[in-house]
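Student: quick one, fold the following:
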Amino acid sequence: MPRMAGRTFSLSVNGERVRVSAEPDEPLLWVLRDQLQLTGTKFGCGQGQCGACKVLIDGQPLWSCQVPVESVAGSSEIVTIEGLGQPGNLSPVQAAFARHTAFGCGFCTPSMIVEATALLRDNPRPTRAEIVAAMNGHLCRCAAYPNIIAAIRSVADSDREDEAR
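Tutor: Now for the predicted structure:
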């Protein structure tokens with residue numbers, strides 16, 4: 001039987017203010033997917049272990065399966081993969097993942113792009129070890145890890161080339 005929504009919450013998602021009805025403890029993941037149709041955020045384990053559900057909350061990559069909707073209502077800014085770029089106008093990280101075929105089935109790719117975006121924002125020149133550490137909480141069944149690292153490094157290297165000009 002479906003759960004009856006208990007309260008109305010105002011969220012800022014991908015730069016838009018939206019209203020949703022949910023129980024206060026409902027995971028943000030389900031609000032994003034079921035109510036807002038933002039299905040790029042995936043359900044993996046439901047325990048904050050696989051990384052498939054990561055989104056940016058106030059700029060920090062967090063497991064949306066572990067975040068109650070009530071805790072992000074009001075002033076928090078939520079950014080999903082859908083908020084990073086658009087078809088024909090991909091973000092630099094999205095474009096790099098495509099260029100380097102940094103995905104197999106693509107299930108884990110949205111959250112990895114979200115994580116890599118935060119990493120490169122905070123550390124525009126990460127070392128390989130820093131990239132591996134940042135991506136460590138993401139499981140990829142297709143084992144595209146070398147291509148993922150190459151994609152992230154290419155964005156960092158591109159920034160270096162831009163500065164040299």
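
Student: now for the helix or strand of the chain with the lowest mean pLDDT, which elements pack on it?
Tutor: In the chain, no helix or strand scores lower on mean pLDDT, DSSP states H and E than helix 145-164, which sits at a mean of 81. Packing contacts for helix 145-164, counted by 3 or more C-beta pairs under 8 Å, 6 or more residues apart in numbering; DSSP states H and E, involve helix 92-99, helix 109-122, helix 128-135. Yep, even glycine has a C-beta here, placed from its N, CA and C like the rest.

Student: dump the ones you listed to JSON lines, plus distance to residue 67.
Tutor: Below are the helices and strands packed on helix 145-164 laid out as JSON lines (distance: least, C-beta to C-beta, whole Å):
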{"stretch": "helix 92-99", "distance to residue 67": "22"}
{"stretch": "helix 109-122", "distance to residue 67": "14"}
{"stretch": "helix 128-135", "distance to residue 67": "19"}
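
Student: of all those, which lies closest to residue 39?
Tutor: With C-beta to C-beta as the measure, helix 109-122 is the member of the helices and strands packed on helix 145-164 nearest residue 39 (9.2 Å).

Student: what angle separates that closest one from helix 145-164?
Tutor: Here helix 109-122 runs at an angle of 30 degrees relative to helix 145-164 (axes from the mean of the first three to the mean of the last three C-alpha atoms, to 10 degrees).

Student: domain ranges for this structure, per the record?
Tutor: Split into domains by automatic domain parsing, the chain comes to 7-83, 92-164.

Student: ok, of the ones you listed, where does mean pLDDT dip lowest?
Tutor: With a mean of 91, domain 92-164 has the lowest mean pLDDT of the domains of the chain.

Student: so what touches stretch 40-51?
Tutor: 27, 29, 32-33, 52-55, 63-66, 80-82, 107-108, 110-112, 115, 137-139 (C-beta atoms under 8 Å, 6 or more residues apart in numbering).

Student: if we use 7 Å, what do you get?
Tutor: With contact meaning C-beta atoms under 7 Å, 6 or more residues apart in numbering, stretch 40-51 is reached by 29, 32-33, 52-53, 55, 63-66, 80-82, 107-108, 110-111, 137-139.

Student: the closest residue to residue 60 other than its chain neighbours: how many residues sit nearby?
Tutor: The shortest distance from residue 60 to any residue other than its chain neighbours is 6.8 Å, reached at residue 118 (C-beta to C-beta, 6 or more residues apart in numbering). For residue 118, the neighbour count with other C-beta atoms under 10 Å is 19.
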